[in-house]
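Undergrad: Show me how the following folds:
(chains A and B)
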Number of protein chains: 2
Amino acid sequence: MNIATNPGSGDFAARFALTKEQLLARRNAKWSQYAPDVIPAFVADMDFAIAPEIQAAIRTPVEAEDYGYPMRDGQKADRAVAAAFSRRMARLYDWQVDPDLTLVLADLVQATFAAVMAFSEPGNGVIVQEPNYPPFRAAVADCGRHFVPMPMAMTDEGYRFDLAELEARMTPDVRILILCNPQNPTGRVFSRAELEALLAFAETHDLVVISDEIHSDLIFDGRQHLPFGALGLRAMARCVTLNSATKSFNIPGLRTAVMSFGSADLKDRFECRFPSRVIGSVNTLGIDATVAAWDLGDDWLSGLLDHLQAMRDHMAARIRAEMPAIRFRAPESTYLCWLDCNDLGIEGSAFDFFHDEARIAFSPGENFRPDAAKMVRLNFATSKEILDEVLDRMVAALRRNAR
Amino acid sequence: MNIATNPGSGDFAARFALTKEQLLARRNAKWSQYAPDVIPAFVADMDFAIAPEIQAAIRTPVEAEDYGYPMRDGQKADRAVAAAFSRRMARLYDWQVDPDLTLVLADLVQATFAAVMAFSEPGNGVIVQEPNYPPFRAAVADCGRHFVPMPMAMTDEGYRFDLAELEARMTPDVRILILCNPQNPTGRVFSRAELEALLAFAETHDLVVISDEIHSDLIFDGRQHLPFGALGLRAMARCVTLNSATKSFNIPGLRTAVMSFGSADLKDRFECRFPSRVIGSVNTLGIDATVAAWDLGDDWLSGLLDHLQAMRDHMAARIRAEMPAIRFRAPESTYLCWLDCNDLGIEGSAFDFFHDEARIAFSPGENFRPDAAKMVRLNFATSKEILDEVLDRMVAALRRNAR
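TA: Numbering: from 1, shown residues only, chains lettered A, B, ... in the order given. Sure, this is the predicted structure:
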């Protein structure tokens, strides 16, 4: 099961949504990177206070000034994160993950780079869905691999990939498929049938599947997330699952993530290339926050999902009614919406237009696909007030532009 | 200049030393790893509360629940650590370090492993002082390099290395010299003449010098630390300096360190092997704590040095008077003392003897040199009360053993 939305609760925003004044007082990228009159709707930070259970877990070592080499449960503290991940996967998906096959590291970007380097050689090909989370493209390029796109095409059923088309692009040097599920920025939650097809494809081409599931807690409309590894032993034999509490629980600055190998053989291959200590150690507060999020954060998360789903629906309704030329699919997951602005008649990039004319900072579409400069990614993880201000500014800027 | 000791202040222990009850309530390795009746004197954690300036810097984001992707001074937050390192090196040593040549990463173990992998190939030799910080040996072995020992021999002047002897061990495949200065566990602070000799040796054999200077803030008796890179451009051309506030300011769980390349060429060579994002990102609280330590921590550090020097002298006097068969040199730096127990007539390892008979957990000597099972490393960064209990227990156990 996933964490259910809780439409009756309704008070998440009242309890946790932060005001613009509170947000501007912070020192994080979302509210600092652009001028103060620009509303940020880009980086995957949410404008909410964190779960009280996480804050309590952080306060405990802070009050004790307990910043020594941490231990938890009689082991090096990072093992507590691996154990909490296993507990959560068993509880939510009935999926058994061996904590001894889980490395704990700083973030998914590090994990992606390391996995690309460990499971392929320079010059090899790496398949990445497109549009994609920009660091995936960087991981392929910076590591000297070549990028094999798997387009997410907009169809009548929403964004879909086409394995026949991908088959035509395959060369024998392709070693890795980076799967992002739920997919950023399209918000797709892949079905069992789609994942089974990907597994068969990966088997045919002997690919390692790096499955980024960082948005798996943020699923709407009663849909189910299915971890790729939970497809069974065949999937486990070739997959490395990446996850973290930082995205869904809004603690990215605490830098704690997991890289869970489906088999001892995969972990051995990885450690041959990266002795575990070259990956670095995680910090006490990230460890305690992550364990609290995964073990104790369900109530907050349930309220968050309710709020995010309501914001998604509100945003979708207003765009359809007031900016019908913007093409989009309401996301099945994530708090990110991929907006196609090709029909708006704007000059230059969609990012620049909205930045300059509406004082909104979206994520530029071209970061997700080089030819997508007329697209942007909108982050709707905010209060209704701020989201309405974003939409109001968009409408007004488009109205001025149409004159 | 170094931070001066401040012998007049005297109240450091009264303000910052923690009691056994406070320490046992913590969840760090030092006070959790062994049974509660064992006094820990092993891992390099100190039994003191941290500098109030650091605690204030940690509390600011914690009170604001500001755990988003951090920015500081209009840049990605890790740049603030690189800038603070440059400011500190300029202030303390008149040494100019370009922050753009400084990477920020989790810890020195990660940095050492990564540097060994980047600047040598499997099968190459790596010179390490012996006895040595155990992860250096692991970095050489785990990365498939071979270990070239540079013995620190006890002479009439204290621990000294012998480059003529090292010359005889050299083979053409040796690529790296790992320098630990001040040296753990002998506590040596190398002189300019010694460092100049090492530089000449490194030039002769075209070695990269990885200079671990993590204990450089903890120098006694008015001695001066001299960063290897501060020898000048010849040194900079072949050195990578590792440092961190975590050791001298007692915040190892916050996982923040720097790896500062002496030249753009060295940084390029490193990043060829390790694209920067495979190294991972550092966390908000470690960043803020490190900047506060380096910019604002001098008063606390000065008091700490006063206390540590007094504890060193007290320990040395008691060992000489009450356990004269233990051979040692009072360290010139660090809060660690390397004790030679070969003449105590104990069976088995010195670690086991003191653990079993005195209920003290030292660091086992064999971790620092394989043939040093009759040696231990003592951590004297504690209150006089706890240090006296350690010494009392040692004396009593040796007395019982002599019967």
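Undergrad: can you give me the strands in the stretch 101-250 of chain A?
TA: A:102-105, A:125-130, A:146-151, A:153-155, A:158-160, A:174-180, A:208-212, A:239-243 (DSSP state E, counting those that start in this stretch).
Undergrad: looking at the ones you listed, which is closest to chain B?
TA: Proximity of the strands of the stretch 101-250 of chain A to chain B was assessed by CB to the nearest CB; the nearest stretch is strand A:102-105, lying at 6.1 Å. Bear in mind the C-beta positions are built from the backbone N, C-alpha and C, glycine included.
Undergrad: which helices and strands does the closest one pack with?
TA: Strand A:102-105 sits against helix A:78-93, strand A:257-261, with contacts defined as 3 or more CB pairs under 8 Å, 6 or more residues apart in numbering or on different chains; DSSP states H and E.
Undergrad: What lies in contact with the first one?
TA: This means helix A:78-93. Outside helix A:78-93, the residues that touch it by CB atoms under 8 Å, 6 or more residues apart in numbering or on different chains are A:1-3, A:72-73, A:95-100, A:102-104, A:225-227, A:230, A:243, A:256, A:258, A:260, A:281-282, A:287, A:290-291, A:294-295.
Undergrad: deepest of the helices and strands packed on strand A:102-105, which one?
TA: Between the helices and strands packed on strand A:102-105, the one whose residues have the most neighbours on average, counting mean count of other CB atoms under 10 Å in any protein chain shown, is strand A:257-261 (a mean of 26).
Undergrad: Just confirm yes or no for it near chain B.
TA: No. Applying CB under 8 Å from any CB of the partner chain, one finds strand A:257-261 out of contact with chain B, separated by at least 9.2 Å.
Undergrad: now stretch A:272-287
TA: Yes. Stretch A:272-287 reaches chain B (CB under 8 Å from any CB) through A:Pro275, A:Arg277, A:Val278, A:Ile279, A:Gly280, A:Ser281, A:Val282, A:Asn283, A:Thr284, A:Leu285, A:Gly286.
Undergrad: Could I get the contacting residues of the fifth one?
TA: A:Gly280 is in contact with A:Leu105, A:Ala106, A:Gln110, B:Leu105, B:Ala106, B:Asp107, B:Gln110, B:Arg255, B:Ile279, B:Gly280, counting by CB under 8 Å, 6+ apart.
Undergrad: Neighbours of whatever residue of the stretch 101-250 of chain A ends up closest to chain B, how many?
TA: Among the residues of the stretch 101-250 of chain A, A:Ala106 lies nearest to chain B; the distance is 3.4 Å by CB to the nearest CB. A count of nearby residues for A:Ala106, using other CB atoms under 10 Å in any protein chain shown, gives 28.
Undergrad: From B:Pro99, how far out is the closest residue to it other than its chain neighbours?
TA: Closest residue to A:Ala106 apart from its sequence neighbours, by CB to CB, 6 or more residues apart in numbering or on different chains: B:Gly280 at 3.4 Å. Distance check for B:Gly280 against B:Pro99: by CB to CB, to the nearest Å, it reads 19 Å.
Undergrad: cool, A:Phe249 as well?
TA: The separation that A:Phe249 has from B:Pro99, given CB to CB, amounts to 32 Å.
Undergrad: now swap in A:Glu65 and tell me
TA: Shown here: A:Glu65 relative to B:Pro99, a distance of 29 Å by CB to CB.
Undergrad: Equivalent analysis for A:Ile178, please.
TA: Looking at A:Ile178 against B:Pro99, where the rule is CB to CB, the gap reads 33 Å.
Undergrad: Would you mind telling me which of the two has the busier surroundings?
TA: With neighbours defined as other CB under 10 Å, A:Ile178 and B:Pro99 compare such that A:Ile178 has more, 26 against 18.
Undergrad: Who is the more buried one paired with across the strands?
TA: Using DSSP bridges, the bridge partners assigned to A:Ile178 are A:Val128, A:Ile210.
Undergrad: One more: A:Met71?
TA: Each beta-bridge partner of A:Met71 is listed here: A:Lys76, as defined by DSSP bridges.
Undergrad: for it, what are its contacts?
TA: Applying CB under 8 Å, 6+ apart, we find A:Met71 in contact with A:Ala77, B:Arg27, B:Asn28, B:Ala29, B:Ser32, B:Gln33.
Undergrad: just A:Arg269 next, same as before
TA: Residues in contact with A:Arg269, defined by CB under 8 Å, 6+ apart, are A:Ala118, A:Phe119.
Undergrad: Next, give phi and psi for it.
TA: A:Arg269 adopts backbone torsions of phi -60, psi -40, taken as degrees, to the nearest 10.
Undergrad: quick one: it from A:Arg238, how far?
TA: Remark: distance between A:Arg269 and A:Arg238 (CB to CB) = 11 Å.
Undergrad: With A:Leu344 instead?
TA: Taking CB to CB as the measure, A:Leu344 falls 43 Å from A:Arg238.
Undergrad: I'd like to know which residues of the stretch 251-400 of chain A are adjacent to chain B.
TA: Counting by CB under 8 Å from any CB, the stretch 251-400 of chain A sits next to chain B at A:251-255, A:275, A:277-286, A:289.
Undergrad: do the stretch 101-250 of chain A as well
TA: Where the stretch 101-250 of chain A comes near chain B, counting by CB under 8 Å from any CB, the residues are A:105-107, A:109-110, A:113-114, A:117, A:135, A:138-139, A:142-143, A:250.
Undergrad: Could you find the closest non-adjacent residue to A:Arg393?
TA: Of all residues apart from its sequence neighbours, A:Ala358 sits closest to A:Arg393 (CB to CB, 6+ apart), at 4.1 Å.
Undergrad: one step back: and the gap between the residue nearest to A:Ala106 and B:Arg255?
TA: Taking CB to CB as the measure, B:Gly280 falls 9 Å from B:Arg255.
Undergrad: Can you check which residues contact both of those two?
TA: Among the neighbours of B:Gly280, those also in contact with B:Arg255 (CB under 8 Å, 6+ apart) are A:Gly280, B:Ala106.
Undergrad: Next, the buried residues of stretch A:205-213.
TA: With burial defined by 16 or more other CB atoms under 10 Å in any protein chain shown, the residues of stretch A:205-213 counted as buried are A:His205, A:Leu207, A:Val208, A:Val209, A:Ile210, A:Ser211, A:Asp212, A:Glu213.
Undergrad: What does the last one show for phi and psi?
TA: Same thing as A:Glu213. Dihedral pair for A:Glu213: phi -120, psi 30, per degrees, to the nearest 10.
Undergrad: What's the local residue count around the residue nearest to it when sequence neighbours are not counted?
TA: Sequence neighbours aside, A:Asn243 is the residue nearest to A:Glu213 in space, at 5.0 Å (criterion: CB to CB, 6+ apart). By the criterion of other CB under 10 Å, A:Asn243 has 27 neighbours.
Undergrad: Quick one: residues contacting A:Asn243.
TA: For A:Asn243, the set of contacting residues under the criterion of CB under 8 Å, 6+ apart consists of A:Phe85, A:Leu108, A:Asp212, A:Glu213, A:Ile214, A:Ser216, A:Ala257, A:Val258, A:Ser260.
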